[in-house]
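Asker: Please work out how this folds:
(one chain, ligands or ions: 1)
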Amino acid sequence: MPQTAALDLDDTVPSIAPAEPAAKPQLAPTLPRALLDLAPGEARDSLLRIHTLLVAELPKGNLAIYEAGGGSTSFLPLNVLDRARITVVDIDEDQIRNNDYAQEPILGDIQTHRFAPDSFDLVICYNVIEHLPDVEAALTNFCEALKRGGLILIGAPNPRSLSGVVTQYSPHWFHVWFYRYVRGIKEAGKPGQAPFPTFFHSLVTPSRLEAFARAHGLEVIYRREVESPRFPEMRARKPLLAALVDALAATLNMVLPGKTDVRRGDYHIVLRKR
Ligand SMILES: C[S@@+](CC[C@H](N)C(=O)[O-])C[C@H]1O[C@@H](n2cnc3c(N)ncnc32)[C@H](O)[C@@H]1O
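Answerer: Predicted structure coming up:
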């Protein structure tokens, strides 16, 4: 069941991001399938910038990477995946069975699964924290398992956006319907297939997550709120529905105070352990 969350949509925060956009042609051969499949737009652009950041910030040799709730696909650049030992922990048996890139796939719960301290150069938790009842426990485990100077990449839906509010306060069957009818994913909702039930712990809110991170010895080195990839997908697949949703978003943006953009449905944060 989702936790109660404020419906105040006016808590958008400025991005911390490298000034230069990623050079796409140079990066193209390093793109994983998950990123190639993502509709062009802000979310994809932000992930490309994160690829550049990871390549610059991670050690040059062999890497140890933990994908928490990694499922069966990775958003990491291929030139990082290629030199890494990947450990995936996922609670879903089918996701673990379908994972073909992790050297160590583990069926487990990221809220309770612990690794030896200083085990990993990078922890990635992408589109997962919104599914957890105890985000604090998961983050604490990530911090412990991370080497000093290591990075944590978190991607999640913004609870204070249009898509975030709809996702939080609508039943799971509606998410399955949306994935099947609007996104055109026929297998949606079947065992091992998204969408997975959501919880929306209060730490999913980016400003709270950032405050928690700072209080636990993590420095924010990248943060960006992006238009949910559902918008460009919808414009391509269901233009009439997209026009209605775009009109609703534009109206909300006009009436809400400040420079709110309710389309910014997702965010990406990269943290570094001090
Ligand atoms: C939306 S999928 C994202 C998968 C992958 N990170 C990606 O971006 O493609 C969410 C994943 O989180 C996993 N998950 C949910 N709760 C979990 C938990 N408590 N421990 C481990 N994995 C969990 C689900 O099984 C699912 O594979």
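Asker: Considering helices and strands only, name the one in this structure with the lowest mean pLDDT.
Answerer: helix 24-27 (a mean of 46; mean pLDDT, DSSP states H and E).
Asker: Quick check, Lys273 in contact with Leu218.
Answerer: Yes - contact criterion C-beta atoms under 8 Å: Lys273 and Leu218 qualify, at 5.9 Å. C-betas here are computed from N, CA, C, even on glycine.
Asker: shared neighbours, these two?
Answerer: When C-beta atoms under 8 Å, 6 or more residues apart in numbering defines a contact, the residues bordering Lys273 and Leu218 alike are 143, 152.
Asker: Can you tell me which helices and strands the helix or strand just after the least confident helix or strand of the chain packs against?
Answerer: Using DSSP states H and E, the helix or strand that follows helix 24-27 in sequence is helix 33-36. Secondary-structure packing of helix 33-36 (3 or more C-beta pairs under 8 Å, 6 or more residues apart in numbering; DSSP states H and E): helix 42-57.
Asker: tell me the mean pLDDT over the helix it packs on?
Answerer: The average pLDDT within helix 42-57 is 95.
Asker: What residues sit buried inside that helix?
Answerer: If you call a residue buried by 16 or more other C-beta atoms under 10 Å, then helix 42-57 has these buried ones: 42-54, 57.
Asker: Show me what it is packed against.
Answerer: helix 24-27, helix 33-36, helix 78-81, strand 146-157, strand 218-226, strand 266-273.
Asker: State the pLDDT value of Arg33.
Answerer: Confidence score, pLDDT, at Arg33: 86.
Asker: Excluding covalently adjacent residues, which one is nearest to it?
Answerer: Thr73 (6.8 Å; C-beta to C-beta, 6 or more residues apart in numbering).
Asker: which element is the one you found on?
Answerer: Using DSSP H and E, no helix or strand contains Thr73.
Asker: And Lys273 and Leu218? Which one has more around it.
Answerer: Leu218 (23 against 20; other C-beta atoms under 10 Å).
Asker: Residues contacting stretch 227-239 from elsewhere in the structure, which ones?
Answerer: By C-beta under 8 Å, 6+ apart, stretch 227-239 touches 38-44, 157, 161, 163, 182-184, 241-242, 245-246, 261, 263-266.
Asker: Would you list the buried entries among those?
Answerer: 38-39, 41-44, 157, 161, 163, 182-183, 242, 245, 261, 263-266.
Asker: all strands for this protein, in order.
Answerer: 63-68, 84-90, 104-107, 120-126, 146-157, 218-226, 266-273 (DSSP state E).
Asker: Export those strands as CSV, with columns for mean pLDDT.
Answerer: Below are the strands of the chain laid out as CSV (pLDDT from 0 to 100):
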stretch, mean pLDDT
strand 63-68, 98
strand 84-90, 97
strand 104-107, 97
strand 120-126, 98
strand 146-157, 98
strand 218-226, 97
strand 266-273, 98
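Asker: Out of those, which one sits most buried?
Answerer: Across those, averaging neighbours per residue (mean count of other C-beta atoms under 10 Å) puts strand 63-68 on top, at a mean of 26.
Asker: Starting from it, tell me which strands it pairs with and how they run.
Answerer: Sheet partners assigned to strand 63-68 using DSSP bridges are listed as strand 84-90 (parallel), strand 120-126 (parallel).
Asker: so does the last one get close to the ligand?
Answerer: Meaning strand 120-126. Yes - remark: strand 120-126 sits within contact range of the ligand at Tyr126, by C-beta under 6 Å from any ligand atom.
Asker: quick one: contacts of that strand?
Answerer: By C-beta under 8 Å, 6+ apart, strand 120-126 touches 54, 58-59, 63-70, 74-76, 80, 84, 87, 110, 138, 142, 145-147, 150-155.
Asker: Next: the first one.
Answerer: Counting by C-beta under 8 Å, 6+ apart, strand 84-90 makes contact with 62-71, 74, 76, 96, 99, 101-110, 113, 115, 120-122, all of which sit outside it.
Asker: what residue ranges in the stretch 101-250 of the chain score low on pLDDT?
Answerer: Within the stretch 101-250 of the chain, no range satisfies pLDDT under 70.
Asker: For the protein, what lies in contact range of the ligand?
Answerer: 34, 69-71, 73, 89-92, 95, 109-111, 126-128, 131-132, 194, 196.
Asker: Name only those of those that count as buried.
Answerer: Buried members of the residues of the chain next to the ligand, scored by 16+ other C-beta under 10 Å, are 69-71, 73, 89-92, 95, 110-111, 126-128, 131-132, 194, 196.
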